[in-house]
Structures are given as structure tokens and as C-alpha cells.
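>>> The following block contains a protein sequence and its predicted model.
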Amino acid sequence: MTTTTRAAFRRTLAAALALGAAATSAVAQTPLDRSHRPVAPPAAPFRLPTVEMRTLSNGISVAVIQNHQIPVVSVRTVIDAGGLNDPDGKAGLSALVAAMLNEGTTTRNADQLAEAFADLGNPVTPQGFTTITRNLDRSIELLGDMLMHPAFPQVALDRSKANTVANLRRLREQPGFLADHVFNSVVFGASHPFARTPSEQSVGGITREDLVAFHSDWYRPQNVKLVVVGDVTPDVAAQKLERVLGAWPAGGRKASFDVPAPRAAAPTTIYLLDRPNSPQSTVVVGTVGPGRDTPDFYALDAMNTVYGGLSGSRLNSNLREKHAFTYGANSQLVWRRPPQPGTLRSSSDIVAAKTDSALVEWMSELRGIRGARPIAPAELSFAKDNRTAGLPLRFETVSQMAQAVSDLIQNGVPTDFYNTYSERIRSLSGDDLTAAATKYWDPDHAAIVVVGDRKVVEPGLRALHLAPVVVVDENGNPVES
Amino acid sequence: MTRTVRSARAALAAACLLYGGAARAQSGARASAGIDVPTIPMVRYVLPNGMTALLSEDHSAPVAALTVWYHVGSKNEKPGRTGFAHLFEHMMFEGSQNVASGEHRRLVQSIGGSFNGTTTEDRTNYFETVPSNQLETAIWLESDRMATLLERLTQERLDAEREIVKNERRLRVDNQPFGVADEVTTAALFPGTYPYSWPVIGSMTDLSAASLEDVKDFFRTYYAPNNATIAISGDIDVARTRQLLDRYFGAIPRGPAIVRPRLADLTLPAEKRLVLEDSRARAPQITFSWPSVGNHAADHYALDALGSVLTLDRTSRLRKVLVYDRQLASNVFAFNNAFEDGGFFHVTVTPRPNASLSDIEAVVDSVVAAVKTAPLARAEVQRVKNYDLVDAVTGLQFSLARAEKMAEGEVFYHDPLSYRTDLAKSQAVTPADVQRVARRYLTRGRVVLSMVPAGKLDQVSKPSLPYTNVTPRAAAATAAAPTTTAGGTN
């Protein structure tokens, strides 16, 4: 043991001896009965640390949470310059712009940027960084340089495009990627922005001029918000950011989140994509959901927790624990910034020969959560307690806090959201959960995507007579009747 | 609650301030000497039954993390009976005398906590992070399975969980393009009797063959308090936590003494060239693996630095040539895969479309040769150390990360704060050290694995050299598994 540790040990031991007498009555005197779960003392009430807002001279808003326990600061940028802004035929442009920001600025080439990060001991990305407080100024300067003055060198663009194409090929080796892509294509419609995946062709056609124009249009103060969490005050944070990012000129375009309506929900259909020699079928079952601003948000959140949001939920208990069809099954609520619609979906990888049997159970769980199997009081408590008692775990570090606040901003949610979250969850009844499932989770209009070995799974799927089976290609288009 | 223990955050704060000073100076010629290493407050003691307890108090968030390390992994298995340690990771969530099957996960989730377990070649851990008022619940759950697991272990439960483990194999290995790459590599690097030659998750055949008695014997041997270390970090009261541990774990009887043979380091006398085909793959890949040393060998610090010198960032040697200058690859990683005893140094390259694996192999060989022949620049080793230091500081923010660090140090080095000496030693690595380990370990005795889409044997690296095709010919379900941590939801 080191000297420091020995000293700490002695201090602790002294404390332990002093406290021992007082604590003994609570713990040591009753005989141990393992059959009873311990009774926990009440938890301290949780409130999200206060978010303080500042605005830079060019309108960039800054959300700050002070936390001075260690001299570390986490900064996140939220920029409304995503795939929705990709022009027709240029899918992948926004991602390529983001990837190219650290390929050099007008005054630093990419190697010089890398040298600067190595001097700091931590990377700085255009999306943000976590650094020790002393390096905050230097990190902000690098962040601002990458965001405001990218050089987009042609040679780096050519290389990035080629790497993007290589990665796209490898993604299509992954059953999970294929299932997601087919799902989005059949649920939203192949031409919908949510179904648009960069292709070798769309990436191949992107030019340096496209990057410069995209950056000029969208990387502008009105589309930028910043989150700062850690060892800095709001005023000092704003001053430091103003010094660099205050020079960001106005102009460009204001991001919009309007999207075309999804295609009308079709009667439940099984979309089968053949992936020969797959020992498991990758399955997604889902439907279009409401926007993030729906008043049903809380009921959906709690409902999803009972249905499949956790490994202790109904879907995993059935498909994994009861039947051993899978290593795991879960459900997710996908939220986007309003007015974009969300998605309700569940997914699992099922041993190939049991794909049909698993779907029978799966659909039975869907009907169950809509009322065929009412929410038991214990399930309601499970959902409420999980959602509320677990909040402190989500805010243990400055990086977690910064991420949580960025997520709120990204989805257009007020930053005081968590102050009332627990209360809203606590007030829900079992009927509220059932009603939310009934309203949004229609098992007669769900998309069931199966990526698996067709020769193994197709006969069983057809024999189910659960829904028509349509064999599709990688983009969700039927390949035969 | 006592506040006399210096908080972990305060200790980190001091370390950050020191590092801040060093960071400003290091762009000049200043060496790493003199940089302090962050410490955390820690109490260590051993219960009469041999269980080691490590407690660290920090009140900055109302959260407590608990981890139990059993010093058992796939290394302790026997050929033909592999996969037991990982199978036990699953069985430990399948109920004990007072915790029904599935109750562990539902209970921890109902209090807003998180849990899991992971298994490696050398150890198994089980952990929970909970709101700190629920610490006793986590202690109760962990103690019940250590004390009473065998009371509820039946053939039926074993059979059911075994099927889930097979599903985990299918997910992580058999349904992944080239998912068997790690297994065929270690099988080629090490003799079949060497415990790091088989995968943590075991083979389908061995999993099927395990009898209830086999499994019970394994538990009796390895899941006793004298083979366990418990570490708790976060918003706890040390004195009260100590009482809870005595109460819940104190009466569990000590198990048999464990014989723990140390494994000798191995070398390969010559190069082995392997080829793996996969019909689901659309592009080739290639890996290079050299037998090296494990975490107990002094050279592992320099081997870690060598990996970073080769691929840490865009200016690192191998990444610079392969990804940027020659543009043969979209990605490349190099690292020393160190076990408790042995290890191997590994380079994996993801080629660009139409790049030839033979060209990539030539580049790897020339970059490695250059490291061996000409001195390394001081700066290229220093940048590696800068990242190491900031990682060490920020990596201790989570209560669970602190508990895991303490348990790891205790189990492998009998020093719960060994991350400090680790960091000091990695900061002391010199450019000459890096060159020396490259010369010593990156020799001709290595495994080169070409992975190609089925039938594309013309894409193999240097196809004119003799190679062994290791593609599993039977159904994919009999294929193999990775050598690294089998994580996920137990």
C-alpha cells in the first residue's frame, strides 16, 4: 500500500470505530434471515441539476450546468444539420460534412489538429469534448476552428468518400443494419427521408462544392446550440464561447423539421429478406408512433417499460426466459424532434428454426399489452420505480449530464423536463398504459421484418397464416409475389 | 454518515490540477517524471472466510456500485469441458434459494439500478449500480447466490440456460461475418492444451456435454468466498457497509484452496498462414497476431505503447501509411491482447474496396521493420502517454469504474490501487523500450489470417504461399467464439 492509502485507511478505521456503536443496533443484532429482501431507507429526492441559459451575441444559446467536484468540463454541440437536409440524390452529404470537419481548417491541417489533441491528451470533435478545466480555452478554440473554418481539402474528400463506400458495403453484411433499413423503407415508404440510406451512388456523386454549400447553408448560429457541464460558471462559459464562436457570421438557412407524412399503415405483413446461412433470424416488429410532443409521452414510456424496454419486461421474459428462442428481445420508443413522427418497435435475434414459434408469442404479447393481459399492480410499480428511482444513475458524471441535456435539446424538449418527469410518471394508472398501447400499437397494422435464411424460415412463416409473407430485397421492394 | 474519508472526487481534482501543469509544459521538452497519479480513498480488509472487501466512499452522487470478482475464467476449464465459467455467469442470474429465477434482474431494475456480469479468460465479475439507499439489496442479492446457488440448480434450469448461451454464441459469433476469426487465431497461436487456446463462450459441443455434476463441481471449487473479491464504491458509509458485508457474507463457508498454476509464455517457431471464407461477407479482411506476454510481464507496458504508436490517431505510423498515405485501408487497429499470464499482439486491417491483402501485408511488414531499425521520436511516445493520463483521470468518474479498478488490482496484483503503479509504469516507457519489444515479439513466428468472401481465394494475401483453410465446413451452428470478454446482459 502507498503512503496516501495508509493514511486514508487510518482515518477511515478511526471513523469506523467511532461509528460502530451507533450503527450496530440497526444491522448486527437481528439474526440473518435471507428469505426477506432488505427494507431500504427512503431515497433522497432527485432533481436535475439547474440548467442556466446564456445567449451569445450572434444568437447561439448555451445551456450550462455547474459542477465543481472535479476540474473537468464537458461541452456538447447540437447542430441542426442532419440527414433531413441532404439534397435529393445526395444522401450521405450531411454525414460527410460532419466527418470532414476534422480533416483540416483554413489555418491548421489535419495532422496539426491531431498534434493539438495529443498535446491536450484528449480528442476534440466537432460534436464536443470532455477536458480538464485548464484546457478548456484551447479546446474551445479547436472546436470553433473546426466548426467555422473547415478547409474540405479535395484529397481528404476523395479518401473519405472511398472509406464511406467501403463502410456501406460492410454495413450490409450486418443483419441488424439490413433489418432496420428494410423496416424504415416499408413503414415510411422507400422515398421518405427516414428510409434514405447513403448508397455508393449517392456518395459517389458528392463534390467539394456540395460540402461548401451545405456548410454555408446549415452550419450557422441559428442552427447551433451548446451544452456545457462541469467546473465553470455560466458567465465564464459564455465569455469563453463568445470569444471564439461569437465571430460565427449569421446567414445561411434555418433548419426545418417538417417531413412528408409516412405512407398509410398497411395491414400486418411479414417482409422476408433472404440472408443464406444465417443461424438466427433478425426480426423487427414495429409501427409509426406519435411525435415527441405528444401528451401520451409518459404513458408510452411506462407502457414500453412493461412491454419490452428492459430485460425484466414481458417480451424478454417470454422469448428468452420462458422459451429460449433468443439471447434477448427488447422494445424501443424512437423519438425525433417534432413535428417528425416517432417509431414504436421491438426487435430480437431468433434461432432460425424457431422464427415462426417466436412470432406467435410476440404477437400474443402485443395483444397482451393492449389489454388482453391487463397490467398487474406489480408491473405498474416496476415501471414507475424503474423510471423514477433510476434517475440519479443517469446523471452521475458531467459527460452523462451533458449528453442528457443535449438529447433534450436535440428533440426540442425544455431543459427542465426532468423536474416534473417523476411526478408525471407517478400519476399514471394501469389503464393509462393500456390506453397508450391500444392507441399506438396496432397488431393488425404492424410491419414484421425478418432477415434470415429463407429456405429454413419461409415455410414456417407461411404456415402460420399470421400475415401475408412478402419476400423483399435489401430496400424493402418485393422480389416476387 | 462519516465524512472523514477524503472523497474520490477530491483526489481526482488534485490529480487534474497536477496534470494541468504538466500538460502546459509538455509541448516543450519536459519529461513525464513528476506527474502524480490520482488516488482514491480505499479501505481493504479480509473476512475470516477469506473474502476480500474493498470500500471507497464518495458522496458526490447518490449512487453506489458493487462488483464481485471471482478469480475464475475460461483458463480454469479443461479441454472438452469449455464454456463453464461463462455458463455460470448465466446461472448466477437463474435464481438461488431466496431469489427466484428472473427475480434478480427484475428487482434491480425495479429499484432503478443496472446490473450485469462478464466473463473473461481469467475472471468473472457480477455487478450492480443502484441508488445508494438500496445498497443492502444489492449485497443481499450477491450473497444469496454465493451462499445458496446450488440449492436451486436443477437439470431443467441448466438445460434452459444452456440454450440461451447457445443463442448468445449464434448472435455474437455464428451470425457475424468472419465471427470465428478470433477463435481460429488463438487456436493457431497456442497449443490445444494451453488454456488461452479455447474461446470463453465454449463450443456448442462442450456446452451440450456439460452434466449437472460437472457444473456443480465447478461451482464448489471456484465460487467460494476465498476466491472472491467484493468492491463497493460511491455514496456509502464505510462502517455500516462493513457490517452489512459481515452479516451477509461472513457465514458463508470457505471453499477448497485453489491451485493456480502460472502459464509459461509461448512463442511460435514459424509463421502460420490461415484462410477463412464466409459466404455472407462482401469484402476481405486481414489480421496479424504474434505471441507476446500478459499483464504480469514488465514488457506489457511497452507493448501497449507500441500498439498506440502504430494506430492511436491519424499521425500514428501504421494508420498514417495504410489509411492516409497509401489509402489501402479504411481502418486499422493494433494492440496487445494481454491475459493474466500470456498474450498476443494483434493487428487487424479493414481494407478499402479493391485493395489487395498482399499489398497491405507488405505495408505492415515494412512499418514494423522501420520501428525495429530506426529510433522512435520522443514525441510519438509522449503523445501516447498524454492520452493514457487523461484516460486514467476521467475513467474514474463512475462509481462502477472505481469499483472495477479496485477489484481488478486486488485479483491480479494484490494491490487494489494498482492502476496507479500501472500508470506510473506506462508513463515511464521510453522510445527505446518500444523498439526493444517490437524486436523481441514481432518476429517471424506469427499467425496471418486472410478472410475472404466464399470462393474468392484469389483475394488471399500472398496466395502462392502455403496456407491452411480453416473455414468451418459443418453448419454454422458448430462454429466458434471470440476470446475476449463475453459481455452483454449476462
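Looks like it arrived, so ask away. Residues are numbered from 1 along each chain as shown, chains lettered A, B, ... in the order given.
>>> Not counting its neighbours along the chain, what's nearest residue B:348?
Counting by C-beta to C-beta, 6 or more residues apart in numbering or on different chains, residue B:287 is the residue found nearest to residue B:348 once chain neighbours are left out, at 4.5 Å. The C-beta positions use only the backbone N, C-alpha and C, and glycine is treated the same way.
>>> Who are the contact partners of residue A:113?
Contact analysis of residue A:113 by C-beta atoms under 8 Å, 6 or more residues apart in numbering or on different chains lists A:102, A:104, A:105, A:142, A:146.
>>> Adding secondary structure and pLDDT, write the residues you listed out as JSON lines.
Shown next, in JSON lines, are those (DSSP: H, G, I helix; E, B strand; the rest coil; pLDDT from 0 to 100):
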{"residue": "A:102", "secondary structure": "coil", "pLDDT": "95"}
{"residue": "A:104", "secondary structure": "strand", "pLDDT": "97"}
{"residue": "A:105", "secondary structure": "strand", "pLDDT": "98"}
{"residue": "A:142", "secondary structure": "helix", "pLDDT": "98"}
{"residue": "A:146", "secondary structure": "helix", "pLDDT": "98"}
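>>> how about the residues of the stretch 301-450 of chain A near chain B?
Selection of the stretch 301-450 of chain A residues close to chain B by C-beta under 8 Å from any C-beta of the partner chain yields A:310-312, A:317, A:320-321, A:324-328, A:349, A:351, A:381-382, A:385-393, A:395-399.
>>> Show me which pair in the contacts of residue A:113 is furthest apart.
Using C-beta to C-beta, the two most remote members of the contacts of residue A:113 are A:104 and A:142, lying 12.2 Å apart.
>>> show me what contacts the residue in the stretch 301-450 of chain A that chain B sits nearest to?
Residue of the stretch 301-450 of chain A nearest chain B, by C-beta to the nearest C-beta: residue A:390 (2.7 Å). Residue A:390 sits next to B:111, B:112, B:113, B:114, B:131 when contact means C-beta under 8 Å, 6+ apart.
>>> Filter those down to just the ones in strands.
Among the contacts of residue A:390, DSSP state E puts B:114, B:131 in strands.
>>> Out of the contacts of residue A:390, which comes closest to residue B:162?
residue B:114 (25.5 Å).
>>> Please look at that closest one and residue B:108 and confirm they touch.
Yes: here residue B:114 lies in contact with residue B:108, judged by C-beta atoms under 8 Å, at a distance of 7.0 Å.
>>> any shared contact partners between the two?
Between them, residue B:114 and residue B:108 share these contacting residues under C-beta under 8 Å, 6+ apart: residue B:128.
>>> Who has more neighbours out of these two?
Ranked by neighbour count (other C-beta atoms under 10 Å in any protein chain shown), residue B:114 and residue B:108 place residue B:108 first, with 25 against 16.
>>> unless I'm mixing things up, the more buried one is touching residue B:115, no?
Yes: applying C-beta under 8 Å as the test, residue B:108 and residue B:115 come out as touching, 4.5 Å apart.
>>> Please identify every residue contacting each of the two.
Common neighbours of residue B:108 and residue B:115, using C-beta under 8 Å, 6+ apart, are residue B:128.
>>> on that earlier part again, what pLDDT does the model give the residue nearest to residue B:348?
Note on residue B:287: pLDDT of 98.
>>> in the sheet, who's paired with it?
Note on residue B:287: beta-bridge partners by DSSP bridges are residue B:348, residue B:449.
>>> Neighbours of it, how many?
Per other C-beta under 10 Å, the neighbour tally for residue B:287 reads 21.
>>> Quick check, it in contact with residue B:449.
Yes: when contacts are counted by C-beta under 8 Å, residue B:287 is listed as touching residue B:449 (4.7 Å).
>>> what touches both of these two?
In contact with both residue B:287 and residue B:449: B:181, B:185, using C-beta under 8 Å, 6+ apart.
>>> List the residues that contact the closest residue to chain A within the stretch 101-250 of chain B.
Among the residues of the stretch 101-250 of chain B, residue B:112 lies closest to chain A, at 2.7 Å counting by C-beta to the nearest C-beta. Residue B:112 makes contacts with A:385, A:386, A:387, A:388, A:389, A:390, A:391, A:392, A:393, B:130, B:131, as judged by C-beta under 8 Å, 6+ apart.
>>> one more time with 10 Å, if that's ok
Going by C-beta atoms under 10 Å, 6 or more residues apart in numbering or on different chains, residue B:112 touches A:43, A:46, A:385-394, B:63, B:129-131, B:134.
>>> cool, residue B:113 as well?
Shown in contact with residue B:113 (C-beta under 10 Å, 6+ apart): A:386, A:389-390, A:393, B:63-66, B:105, B:107, B:128-131, B:134, B:137-138, B:141.
>>> tell me the pLDDT at the nearest residue to it once chain neighbours are set aside?
With sequence-adjacent residues excluded and distances taken as C-beta to C-beta, 6+ apart, residue B:113 is closest to residue B:130, at 3.8 Å. At residue B:130, the pLDDT value in this model is 97.
>>> Then residue A:15?
On the pLDDT scale, residue A:15 gets 33.
>>> what about stretch A:85-105 and chain B, touching?
Yes: using C-beta under 10 Å from any C-beta of the partner chain, stretch A:85-105 comes into contact with chain B via A:102, A:103.
>>> where along chain A do the strands fall?
Here chain A has its strands, by DSSP E, at A:52-55, A:61-66, A:72-79, A:128-132, A:224-230, A:269-274, A:280-289, A:326-334, A:342-351, A:447-452, A:469-472, A:478-480.
>>> So is the fourth one next to chain B?
Yes: judged by C-beta under 10 Å from any C-beta, strand A:128-132 and chain B are in contact via A:130, A:131, A:132.
>>> need the contact list for residue B:229.
Residues in contact with residue B:229, defined by C-beta under 10 Å, 6+ apart, are B:44, B:46, B:51-54, B:67-71, B:123, B:125, B:406-411, B:416.
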